[in-house]
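Participant: Any chance you could fold what I've pasted below:
(one chain, ligands or ions: 2)
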Amino acid sequence: MLQPLRILFRPKWMVSRSSASYVSRMRHLNKIKEEDEACRAALQSGNIFLYHKLAPLLRWTDSGIYQLPALQTKDVEEILEKLGGDKEMVKESILINCTEQNEAQFSFDVGAIDQAAVEEQCRGTFVDLRKAFFLLRGSEAPLVARGQALLRWHQTNGFCSSTGQPTQRNQSGSQRVCHSSGITYYPKMSPVVIVLVSDGKRCLLGRQSTFPRGMYSALAGFCDIGETMEEALRREIAEEVGLEVESIQYSGSQHWPFPQSSFMVACHATVNPDKTHVSVDKEELEDAQWFSLEEVQEALTIKVPPRNNKGEPTVFWVPPSYAIANRLIQEWANQQHLKS
Ligand SMILES: NC(=O)c1ccc[n+]([C@@H]2O[C@H](COP(=O)([O-])OP(=O)(O)OC[C@H]3O[C@@H](n4cnc5c(N)ncnc54)[C@H](O)[C@@H]3O)[C@@H](O)[C@H]2O)c1
Ligand SMILES: [Mg+2]
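Facilitator: Ligands and ions are numbered 1, 2, ... in the order given. Here you go, the predicted structure:
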C-alpha cells in the first residue's frame, strides 16, 4: 500500500520569512503581473537581466564570484540606442519576480544586437544556461532559469495553434491571447516525478547514455495526462527498472529548465528488500544499479570528478547540489546514518 505523503523537511522559506512582508510582496507582484499600467510603471524603476539568444549575462565580481547583473531600464535603453537598436524594445521585457524591496525584476533578450558589443557595454559575458546555473549562487540560479524559461516560451508561442494567427502578450508576459479564437495561452511546464528508490540498505541510481560518464542519478519520468503523481512514480519505476514500489514519501520540488521547463516533484520510495532484482529497460536507461551508503557518501564528496586524458570522468559521481536529485541522495544518506 502507498503511504500518505509527508514532508521530510521544512524548506528555509517556510520558517525565515516574515509573513507580512511576504504577503505584501506577493500581492504587489500579482498586481503588476495582471495590470498592464502597473507593470509599465514597475518596469521604469525595475531591474532587468539581459540574455542573448537565451544565454544570460553574468559578471565576474571583485569578490571572485559570478553574479547576475541587474540593469536599470534607462541603462538598457541607452545601450540599445548606442548599439543601433530601438530603445522601445525594452518594453518587451518579461516580468519574472520582485525583490524583497518590491522592485520588479524582468528578463530581456537583446536578440539581433551584437553580442560582443553588449558584453563590452555591460562588463559581462553571455553564458550558456547550463553553465550559468552551475556558476551562480543561492536564489540567482532559479531566477535566471525562470527568466530564460519565460523568454523561451514567448519566442515559441507567437502563433495560435488553433487559428495560426499571431498571439498578443500582456505587458508582464504572464499570458498570450489569440484575439481571433479568444484562446489565452499561459507559460507551460511539464510535470516530472523524480524518485530515489531504497531497499532499506541501498539506493537505486540509473544513468542515461547521454549523461556524462560515471554520473548516476535518481530515476525520473514525465507524468502522463490524467495520472496522479503517485501513479506516474509507480509506473516509471516499473517501466524503467522492473520494480514495484511499496511506499512513497514526498521530499520537495524544483523548476528544471533543461531541456525545457519541467516541474520536478521529488520523492523517496521503498521496495520490498526481497524483491530487488533490477531489469533495466535499455530504451530508457543505459544502466541502473544498487549503491551502498559508503559508495553514495564517497560520490557526494566529489565536486568536480577526476577526468582521463580524453576529459571523461573516471569515477562514480552524482548530480551537483543545484539538482534536486542531489538533495534526494543527500537526504537518503543522512537517514541511513541516523539508522546506523
Ligand atoms: N533536476 C534533477 O535533479 C533531474 C535529475 C534527473 C532528470 N531530470 C530531468 O527529468 C526529466 C525527465 O526525465 P527522463 O528523461 O528520464 O523522462 P522519461 O523517463 O519520461 O523519458 C523521456 C521520454 O519521455 C517522453 N515524454 C513524455 N512527455 C514528455 C514531455 N512533456 N517532454 C519531453 N519528453 C516527454 C519522450 O519520449 C522522452 O524521450 C528530464 O528532462 C531531465 O532533465 C532532472
Ligand atoms: Mg526516465
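Participant: mind listing what residue 292 touches?
Facilitator: 201, 202 (C-beta atoms under 8 Å, 6 or more residues apart in numbering). From N, CA and C alone the C-beta is placed, and that goes for glycine too.
Participant: The one 4 residues further on now?
Facilitator: Neighbouring residues of residue 296 by C-beta under 8 Å, 6+ apart: 203, 318, 329, 332, 333.
Participant: Next: residue 237.
Facilitator: Applying C-beta under 8 Å, 6+ apart, the residues near residue 237 are 195, 197, 219, 243, 244, 245, 269.
Participant: Restricted to helices, list the contacts of residue 296.
Facilitator: Members of the contacts of residue 296 lying in helices (criterion: DSSP state H): 329, 332, 333.
Participant: Surely the first one is in contact with residue 300?
Facilitator: Spelled out, that is residue 329. Yes: counting by C-beta atoms under 8 Å, residue 329 touches residue 300, with 6.5 Å between them.
Participant: So between those two, which is more surrounded?
Facilitator: residue 329 (24 against 15; other C-beta atoms under 10 Å).
Participant: Disregarding residues adjacent in the polypeptide, which is nearest to that one?
Facilitator: residue 318 (5.4 Å; C-beta to C-beta, 6 or more residues apart in numbering).
Participant: which phi and psi does the one you found have?
Facilitator: Here the main-chain torsion angles of residue 318 (degrees, to the nearest 10) amount to phi -120, psi 160.
Participant: who touches it in this structure?
Facilitator: Counting by C-beta under 8 Å, 6+ apart, residue 318 has contacts 205, 215, 216, 217, 296, 299, 300, 302, 325, 326, 329.
Participant: what ranges do the strands span in the stretch 101-250 of the chain?
Facilitator: Using DSSP state E, counting those that start in this stretch, the strands found in the stretch 101-250 of the chain span residues 104-109, 125-126, 168-169, 176-177, 184-185, 190-198, 203-207, 219-222, 247-256.
Participant: pLDDT averaged over the second one, what's the number?
Facilitator: Just to be clear, that refers to strand 125-126. Throughout strand 125-126, pLDDT has a mean value of 97.
Participant: Direction included, what does that strand pair up with?
Facilitator: Paired strands of strand 125-126, with direction, are strand 55-60 (antiparallel) (DSSP bridges).
Participant: Show me which positions of the strand it pairs with end up buried.
Facilitator: Residues 55, 56, 57, 58 are the ones in strand 55-60 that count as buried (16 or more other C-beta atoms under 10 Å).
Participant: For those residues, give me CSV that also has pLDDT and distance to ligand 1.
Facilitator: Shown next, in CSV, are the buried residues of strand 55-60 (pLDDT from 0 to 100; distance: C-beta to the nearest ligand atom, whole Å):
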residue, pLDDT, distance to ligand 1
55, 97, 18
56, 98, 18
57, 97, 24
58, 97, 21
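Participant: what two of these are the furthest from one another?
Facilitator: 55 and 58 (9.3 Å; C-beta to C-beta).
Participant: overlap in contacts of those two?
Facilitator: In contact with both residue 55 and residue 58: 126, 127, 132, using C-beta under 8 Å, 6+ apart.
Participant: Thank you, goodbye.
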